[in-house]
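Chemist: coordinates for the following, if possible.
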Amino acid sequence: MKRIRLPQGRERVIAGAAVLAVLLTSLIVCIQLYEPAPSQVFEEAWQAVSEARRQEAAQYAPEVFRQAETYLEQARSTWRAENRKWFWSRNFNTTAQLAESAKLCGRIAGRLAVARRDSLELFTTFGIARLQQTVEEFRAQARRIPVNKTLWQKFVASELMVLESQFAHWRRDYLTAKAKLEEAEPLVNGAWSTTKASLENYLRQVPVWRRWADETIAWSAASDSVAIVVDKMAHKCYLYKGGKLLAEYPVELGPRWLGHKRQRGDNATPEGRYRIIKKKTNRETIYYKALQINYPNSEDQQKFLEARQRGELPRHATIGGLIEIHGHGGKGANWTAGCVALENAYMDELYELTHIGTPVTIVGSLKGLPANGNALH
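Modeler: Numbering: from 1, shown residues only. Below is the predicted model of the structure:
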């Protein structure tokens, strides 16, 4: 059989066409195999993480936010790794999955941050208000009653924490506000509850004190004589004649007046039923004028001995004495060593109307806590 010979130029054309066909087929296959980069989902993930950061998710939803950042960084790394390959062999499935996870975690972190921040704002708003009220109540009581020095120092420190919490709340740092609030709360409440318990225990004696005062006033009425009742909590000295209130005077006491005098040097004003045993004036007293009472009486001595036997007082303790109602008051503070101090003008009136043997009944309180106590410390 005889082969048909094509012209040489024609053979070249056919060969070129075949090569071109192969190349086009390969290109079509590569195009079909090519997978585009997940630009859109990566952009959405980046925006979700950025929004979460703007909502302070790093502070208010740290775990979820860190996970979102980790997914985003891993998506970025795998993308870069795929870009280093030939385009027809690239696979962005892992990148897309990581970006989707970053987007989801970012959105959750942002919503969680907003919810927690709003919740903390509300929590600290009410918490600070509640604690400030307790602080004000404690300070109001501290103006009326002596407060233990150690307890007062703790209270002042806790009050400072409340102020720091308030400042943090003002600058929208609710995490710090909450931390300071939780640090201050047990200290403030502890100081207040300790003081309140001590005061309630002290005021349990009010019925006894009222009975003492009633008996003193009844004696004044029956004998048509003068009698004195001192209310330590009210810081008042009441003068009765014939059972009628003749006058009342503001008084100042010892700095540790809350409670009965137990020993010499405790700066407490005694509580009990006494009588004037000496009237002093001129060089007999350094306090203008003075009315010395019969402290310690037999009841005081019995209490002192019992307290010492129970080991509540040092073995070298003595009961003390020389308790007076005297002048030089009006200093605006409880400054005496356990005596009752009046302004000199009031002392003149009291001195003039009283006598040796005039009853002097000193009580802790007749009415409990006054609605508006004086400002004495």
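Chemist: only C-alpha atoms for contact and neighbour calcs from this point on.
Modeler: Will do.
Chemist: what stretches of the stretch 101-250 of the chain score poorly on pLDDT?
Modeler: Within the stretch 101-250 of the chain, no stretch has pLDDT under 70.
Chemist: which elements pack onto the strand or helix carrying residue 191?
Modeler: In this structure, residue 191 sits in helix 174-203 according to DSSP states H and E. Under the contact criterion of 3 or more CA pairs under 8 Å, 6 or more residues apart in numbering; DSSP states H and E, helix 174-203 touches helix 93-142, helix 149-170.
Chemist: who wins for proximity to residue 348 among those helices?
Modeler: In terms of CA to CA, the element of these nearest to residue 348 is helix 93-142, at 31.5 Å.
Chemist: by contact count, what packs against that closest one?
Modeler: helix 39-54, helix 57-60, helix 62-83, helix 149-170, helix 174-203.
Chemist: hang on, the earlier thing: mind checking how far the helix holding residue 191 is from the chain centre?
Modeler: 6 Å (CA atoms, centre = their mean, to the nearest Å).
Chemist: next, the angle from it to helix 149-170.
Modeler: With axes from the mean of the first three to the mean of the last three CA atoms, to 10 degrees applied, the angle from helix 174-203 to helix 149-170 works out at 150 degrees.
Chemist: buried sites along the following helix or strand past helix 174-203?
Modeler: Moving toward the C-terminus from helix 174-203, the first helix or strand encountered (DSSP H and E) is helix 206-223. Residues of helix 206-223 classed as buried under the neighbour-count rule (16 or more other CA atoms under 10 Å) are 206, 209-210, 212-213, 216-221.
Chemist: in JSON lines, list the residues you listed along with distance to residue 70.
Modeler: Shown next, in JSON lines, are these (distance: CA to CA, whole Å):
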{"residue": "206", "distance to residue 70": "69"}
{"residue": "209", "distance to residue 70": "73"}
{"residue": "210", "distance to residue 70": "75"}
{"residue": "212", "distance to residue 70": "79"}
{"residue": "213", "distance to residue 70": "79"}
{"residue": "216", "distance to residue 70": "83"}
{"residue": "217", "distance to residue 70": "84"}
{"residue": "218", "distance to residue 70": "86"}
{"residue": "219", "distance to residue 70": "88"}
{"residue": "220", "distance to residue 70": "88"}
{"residue": "221", "distance to residue 70": "90"}
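Chemist: next up, the contacts around residue 43.
Modeler: Residue 43 makes no contacts at all, as judged by CA atoms under 8 Å, 6 or more residues apart in numbering.
Chemist: that one and residue 99, how far apart?
Modeler: 9 Å (CA to CA, to the nearest Å).
Chemist: go through the helices and strands packed on helix 174-203 and pick out the most buried.
Modeler: helix 93-142 (a mean of 19; mean count of other CA atoms under 10 Å).
Chemist: rewinding a little: using JSON lines, lay out the helices and strands packed on helix 174-203 together with distance to residue 77.
Modeler: As requested, these are arranged in JSON lines below (distance: least, CA to CA, whole Å):
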{"stretch": "helix 93-142", "distance to residue 77": "8"}
{"stretch": "helix 149-170", "distance to residue 77": "39"}
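Chemist: so which of those helices comes closest to residue 86?
Modeler: Short answer: helix 93-142, nearest of the helices and strands packed on helix 174-203 by CA to CA, at 15.9 Å.
Chemist: how distant is that closest one from the center of its chain?
Modeler: Counting by CA atoms, centre = their mean, helix 93-142 comes out at 20 Å from the chain centroid.
Chemist: could you do stretch 279-287 as well?
Modeler: 49 Å.
Chemist: and stretch 75-84, by the same measure?
Modeler: Relative to its parent chain, stretch 75-84 has a centroid offset of 54 Å by CA atoms, centre = their mean.
Chemist: in that stretch, which residues are buried?
Modeler: Residues 75-76, 78-79, 82 are the ones in stretch 75-84 that count as buried (16+ other CA under 10 Å).
Chemist: would you format those residues as JSON lines with distance to residue 175 and pLDDT included?
Modeler: Converted to JSON lines, the buried residues of stretch 75-84 look like this (distance: CA to CA, whole Å; pLDDT from 0 to 100):
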{"residue": "75", "distance to residue 175": "32", "pLDDT": "95"}
{"residue": "76", "distance to residue 175": "32", "pLDDT": "95"}
{"residue": "78", "distance to residue 175": "36", "pLDDT": "94"}
{"residue": "79", "distance to residue 175": "37", "pLDDT": "92"}
{"residue": "82", "distance to residue 175": "42", "pLDDT": "90"}
